[in-house]
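**Q** I would like to see how this sequence folds:
(chains A and B, ligands or ions: 1)
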Amino acid sequence: MLNRILDPIRGAWKEATDSQVWASIFRHGKPVSNRNRALVMMSNVFLHLHPVKSRKAGIKLRYTWCMGGITFFLFLVLTFTGLLLMFYYRPTVEYAYADIVDLQEHVPLGIMRELHRWGAHAMVITVWLHMLRVFMTGSYKPPREFNWAIGVVLLVLTLLLSFTGYLLPWDQLAIWAITVGSNMARATPLLGTEGPLSASLTLGDIALVNAGNDARFALLGAQSVGQPTLLRFYVLHCVGLPLGAAVLMAVHFWRVRKDGGISGPM
Amino acid sequence: MIGLFQDLVNWVSGPTVLFTVTTVGLLLAFRYTQVWSKRVAIWGFSVLAVLYVASMWNPDFLLIVAKPDNIPITGVIFLVLFFTWYAMYQGIENDRRRAAGEEIHEKKESDKVWVWPDLVYTEMLAMVLLSIVLLVWSILLAAPLEQPANPADSPNPSKAPWYFLGLQEMLVYFDPWLAGVVFPTLIIVGLIAIPYIDRNPKGNGYFTFRERKAEIVIFLYGFLILWCLLVISGTFLRGPNWNFFGPYEYWDVHRVEPLLNVNISDFFWVKLLGRPLPSGGLFAALLREWLGLLMVGAYLFVLPVVTSWPREKFPGFLRWLSLRKYYDRMGPTRFYIGVSLFLLMMSLPIKMYLRWAFNLKYIVAFPEIFFNI
Ligand code: HEM
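**A** Reported below is the predicted structural model:
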């Protein structure tokens, strides 16, 4: 009975995998022989981030917790859902809030915003946990010092991505969180109006650092969180920071391979 | 009975008690490593989970914990605890094997395996599971959206995004130029510096505790207490006016807490000598702050040098101050940078305790140029 249902499916599957189309996409047989297991890893641009073989301990969940991989996957989810959000969202004080309401209430499958927001929270946590894992296994030790440094920059980029995204809904939560966060820039030594020593930067009796040109102004594009800030954060959030993160991730993965794969005891 | 328990929890969650209890607890756990066992973990997590769920019946607790944006913090509590335990558990297990002359776990599994299917399938499974979790989370819980932005109406409390609440908490103890600019920079620089300072060749590529005690204790103290704990308490325990509220307390906007903080200069000139603070001009300002400047200078510049001295140079009860062992191993450059970064990190808890014990506001205060420490 079961075979009556399964046989046609098996037949169709065989038909498909024997076809010219299949052969043009996957240039080798099924990964059941060792030769093909190697080929599948080498001939697929995504899979070839991996080596063909790896130390057993290094790919175990108990060792890596798959945390770096999960972080990367979350990044991909965020890129995808973020793209969909960009179809609807306009970064202006006039429209931003209404567009977010629309996204949740009128757009079909309206959980893109949820996926994006919860995914972002999750990514912050998984980056921390990934760092914890890397530290606790001593994986930052030679020869992986530099990849640890790249990782730290990725951590900062992840936090900044999250921070810039926080403003975009343009609700009370958003502007006040960014206001609190960016107020600190006012206190940058030398570069903020209320920072140590800034007042000593004068040309004659003109103060060089003022509320209209200090570090906080550079961040916000204005003296308080407003339209210029929204645009600035939008551009950073959707273009600048993801590009930077993507490039650094590529370097990060490349270095994992070049530093001898996942770390392990000598 | 429940009331008493809630009062107790509220009391324990107070900044002073909570910080002290968790620090002491962590240090004890490093001393008595048998607590990182499966039994303790299962019991600990069960008790915590039951308490957490039972607390939902308290309206004040529920109000804060169920805020959509605070859900991840619950995640932080349980995930960070779990993974810290898991790493320490494996480390101590490996240490035990080493001591018994057995092979450590990672070494036993040194043979190479095919990445397809061994790793690729794991990754695939992780992706599927994570997608399910995210979908369910997103369907069940709507993303928060408050009233449209209104620059004229600032909510109380105004909080930074949760992952920056550690920094916002620091603002209680330090001025913004330190809490918001210098310390974040130092955290980044310090993290990047770790592999270049720590030259201990052991413990590379496997879990262990015994072979890397100092590194692990310092890192976990920073990560768990100075970062995660401050994030958690900043989210759940800081209410209107950034006042502290226990988990079962109502966030009363009108609660006023007197701020009677005084500077070291006040202690010295006014309280000790009974004179007014010196005033007028740069010299007077320096004279006013001499004690604080001396303390900060000694802490940041003298202490690293002193700790590099051999043990014999110290009187008996101060011997523990000698870090000569590390100096010899690391060499002067790494030692001074490492110790300085460590001291800068410890300046946060030190300032916290000074505040709690003496209501100390500033050690050095030059409000004229916004230079307050
Ligand atoms: C966006 C953030 C990040 C992504 C997507 C990412 C991704 C990954 C992945 C996929 C791996 C392979 C092994 C694993 O999964 O554990 C890895 C390894 C590594 N990561 Fe990251 N990572 C990120 C952030 C960080 C951070 C914050 C650090 C440290 C501060 C770091 C340091 C390292 C190091 C040293 C390795 C090599 C570990 C080993 O060989 O055992 N990474 N990363």
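**Q** the longest helix seen in chain B vs the ligand: in contact?
**A** Ranked by residue count and defined by DSSP state H, the top helix of chain B is helix B:71-99. No. Judged by C-beta under 6 Å from any ligand atom, helix B:71-99 and the ligand are separated, with a smallest distance of 12.3 Å. C-beta coordinates here come from the backbone N, C-alpha and C atoms, glycine included.
**Q** that helix packs against which elements?
**A** If you count contacts as 3 or more C-beta pairs under 8 Å, 6 or more residues apart in numbering or on different chains; DSSP states H and E, helix B:71-99 packs onto helix A:112-136, helix B:38-55, helix B:105-108, helix B:230-236.
**Q** wait, which of those is closest to the ligand?
**A** Closest approach to the ligand among these (C-beta to the nearest ligand atom): helix A:112-136, 4.2 Å.
**Q** give me the next element, helix or strand, following that closest one.
**A** Once the chain leaves helix A:112-136, the next helix or strand it forms, by DSSP states H and E, is helix A:145-167.
**Q** residues making contact with the helix or strand that that following helix is followed by?
**A** Next in sequence after helix A:145-167, counting helices and strands by DSSP H and E, comes helix A:172-183. Helix A:172-183 is contacted from outside by A:163, A:166-168, A:216, A:219-220, A:224-225, A:229, A:233, B:69, B:144-151, B:153-155, B:158-161, B:164, B:168, B:176, B:180, using C-beta atoms under 8 Å, 6 or more residues apart in numbering or on different chains.
**Q** returning to what we had before: make CSV from the helices and strands packed on helix B:71-99 and add mean pLDDT to it.
**A** What follows is the helices and strands packed on helix B:71-99, written out as CSV (pLDDT from 0 to 100):
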stretch, mean pLDDT
helix A:112-136, 95
helix B:38-55, 94
helix B:105-108, 86
helix B:230-236, 92
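**Q** mind putting the ones you listed into TSV with mean neighbour count?
**A** Shown next, in TSV, are the helices and strands packed on helix B:71-99 (neighbours: other C-beta atoms under 10 Å in any protein chain shown):
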stretch	mean neighbour count
helix A:112-136	23
helix B:38-55	12
helix B:105-108	18
helix B:230-236	22
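**Q** export the ones you listed to TSV and tack on distance to the ligand?
**A** Putting these into TSV (distance: least, C-beta to the nearest ligand atom, whole Å) gives the following:
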stretch	distance to the ligand
helix A:112-136	4
helix B:38-55	22
helix B:105-108	10
helix B:230-236	16
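**Q** out of these, flag the one nearest A:Asn3.
**A** Among those, helix A:112-136 comes nearest to A:Asn3, with 40.0 Å by C-beta to C-beta.
**Q** now do the closest one and helix A:145-167, the angle between them.
**A** Here the directions of helix A:112-136 and helix A:145-167 differ by 150 degrees (axes from the mean of the first three to the mean of the last three C-alpha atoms, to 10 degrees).
**Q** packing partners for helix A:112-136?
**A** helix A:67-88, helix A:96-105, helix A:145-167, helix B:71-99, helix B:115-140, helix B:213-220.
**Q** could these be laid out in JSON lines, adding mean pLDDT and mean neighbour count?
**A** Listed next are these as JSON lines, based on pLDDT from 0 to 100; neighbours: other C-beta atoms under 10 Å in any protein chain shown:
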{"stretch": "helix A:67-88", "mean pLDDT": "94", "mean neighbour count": "18"}
{"stretch": "helix A:96-105", "mean pLDDT": "89", "mean neighbour count": "17"}
{"stretch": "helix A:145-167", "mean pLDDT": "96", "mean neighbour count": "21"}
{"stretch": "helix B:71-99", "mean pLDDT": "94", "mean neighbour count": "18"}
{"stretch": "helix B:115-140", "mean pLDDT": "90", "mean neighbour count": "15"}
{"stretch": "helix B:213-220", "mean pLDDT": "95", "mean neighbour count": "17"}
